[in-house]
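# 3D model of this:
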Amino acid sequence: MGTMHRSGVFKKTNDSARLIITTILGVVFGFFIGISFPSVSLYKIHSPSSLRSSLDVATSNDKDFFIVRSTETTGGNVPKIYVPTNPRGAELLPPGIVVPESDLYLRRLWGEPSEDLKKKPKYLVAFTVGIDQMNNIDACLKKFSEDFQILLFHYDGRTTEWDQFEWSKNAIHVSVKKQTKWWYAKRFLHPDVVAPYEYIFIWDEDLGVEHFNAERYIELVKKHGLEISQPGLEPNNGLTWQMTKRRGDQEVHKRVTDEKPGWCSDPHLPPCAAFVEIMAPVFSREAWRCVWYMIQNDLVHGWGLDFALRRCVEPAHEKIGVVDSQWIIHKVIPSLGNQGKPEDGKAPWEGVRTRCKNEWSMFQNRLASADKAYLAQLGKG
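Here you go, the predicted model:
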């Protein structure tokens, strides 16, 4: 009986040892098998391009379908990259994959990307609009050819009514209530977004364009070397400065001498030269890159900006001007002013006007302080 008990113990011990040894050998064998073949991960399979779209669909629709990826594309083989000359934030990417600029071209959801655009617009025209001026904007946009990308900023939140116009189908509509065109411009017209466009028109909605042709305007701007410009204004409607008044005997003018007494102490400075107003400015792509950086996030009306535009081109008195032979009428419709809020018994437009004046002073003070700080840094302050 005792002998039988001991032999049972020895047999059980041998079985346990055999199991442990087998397990160890299996692990070792598996390890060598694993390093003898390329590793795979459940991610991507290298397949002919003709099959990729169907594989992608299967991935999204079939829970049992999976895709494998070879080590050639796994993270372990990504080269270490640091390119300090890449745009900020893209230093870890190879330069060949970095796309630093964008555009406003409308694209399809199907087909080859290279075939999306039958024609690329060369210029951009942006209006800040409300529904009350819809017919006027329609008249304006009929003066712009297919070479212009149309962008409408809707300050009243109403966009669907514009679908009645054929040109609206290819326009871009951005809707944020109770904002100004400079608020929109700072947020949606970054220079890297509008880089494909040679000229950028940033216009008010209350302009008459019966005597204006956009293509001819571009020709004159190029002919006279204007980086910042505006159409001449009809003398009898909404005129503030003599510099922007249309001269009937010339194509373009760049300076005046008949401004209010005391305003033209220097004939090369605003408002007697190097000056256009902010109601209908036109910027070259290079000039806009500078002007955009000067727009303040919180100073939404842009007052004072017109006197500072000269900082963005040199010589400003030669590269800023008014195109007389393509002129417009300022209808002076305070539609955006009516978007204000009545306070202390004042009409909505009065509060808006007060803020405009305050912003002008604030902008001048900020610019003067920035100049002073820069000169102090150079030891010249």
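
# Val129: what's it in contact with?
Contacts for Val129 (CB atoms under 8 Å, 6 or more residues apart in numbering) come out as Ile137, Leu152, Phe153, His154, Tyr155, Glu205. All C-beta spots, glycine's among them, are computed from the backbone N, C-alpha and C.

# Not including adjacent chain positions, what is the nearest residue to it?
Distance criterion CB to CB, 6 or more residues apart in numbering; nearest residue to Val129, sequence neighbours excluded, is Glu205 at 4.8 Å.

# And that neighbour, how far from Ser361?
26 Å (CB to CB, to the nearest Å).

# which of the two has more neighbours?
Glu205 (23 against 11; other CB atoms under 10 Å).

# Any idea how far the lengthiest strand in the chain is from the middle of the chain?
In the chain, taking DSSP state E as the definition, the longest strand is strand 320-330. Its chain's average C-alpha position is 27 Å from that of strand 320-330, according to CA atoms, centre = their mean, to the nearest Å.

# Check which helices and strands that strand is in contact with.
strand 207-208, helix 214-223, strand 228-233, strand 252-253 (3 or more CB pairs under 8 Å, 6 or more residues apart in numbering; DSSP states H and E).

# Quick check: which of the ones you listed is buried the most?
strand 228-233 (a mean of 26; mean count of other CB atoms under 10 Å).

# tilt between that strand and helix 214-223?
Orientation check (axes from the mean of the first three to the mean of the last three CA atoms, to 10 degrees): strand 228-233 against helix 214-223 gives 130 degrees.

# I'd like the next helix or strand past the least confident helix or strand in the chain by mean pLDDT.
Every helix and strand in the chain was compared by mean pLDDT, DSSP states H and E; the lowest is helix 49-61, with a mean of 42. Downstream of helix 49-61, the next assigned helix or strand under DSSP states H and E is strand 123-129.

# got the buried residues for the helix or strand following that following strand?
Counting by DSSP H and E, the next helix or strand C-terminal to strand 123-129 is helix 134-141. Using 16 or more other CB atoms under 10 Å as the test for burial, helix 134-141 gives Met134, Asn136, Ile137, Cys140, Leu141.

# Please apply the same query to stretch 299-310.
Buried residues in stretch 299-310, counted by 16+ other CB under 10 Å: Leu299, Val300, His301, Gly302, Trp303, Gly304, Leu305, Asp306, Phe307, Leu309, Arg310.

# burial measure for the nearest residue to His330 once chain neighbours are set aside, as a count.
Among residues not flanking His330 along the chain, Gly238 sits closest, at 3.2 Å (CB to CB, 6+ apart). Neighbour count for Gly238, taken as other CB under 10 Å: 18.

# sec struct for Gly238, please.
Secondary structure assignment for Gly238 (DSSP: H, G, I helix; E, B strand; the rest coil): coil.

# Any idea what Val282 is bridged to?
Val282 forms beta bridges with Phe201, Ser229, as assigned by DSSP bridges.

# Around it, how many other residues sit close by?
As a burial measure, Val282 scores 25 neighbours (other CB under 10 Å).

# try Lys357
Lys357: 12 surrounding residues under other CB under 10 Å.

# quick one: buried residues of whichever strand or helix holds it?
Per DSSP H and E, Lys357 falls inside helix 348-377. For helix 348-377, burial by neighbour count (16+ other CB under 10 Å) applies to Trp349, Gly351, Val352, Arg353, Arg355, Cys356, Glu359, Trp360, Met362, Phe363, Leu367.

# So the second one is in contact with Asn358, correct?
Right, Gly351. No: with contact defined as CB atoms under 8 Å, Gly351 does not reach Asn358; the gap is 10.7 Å.
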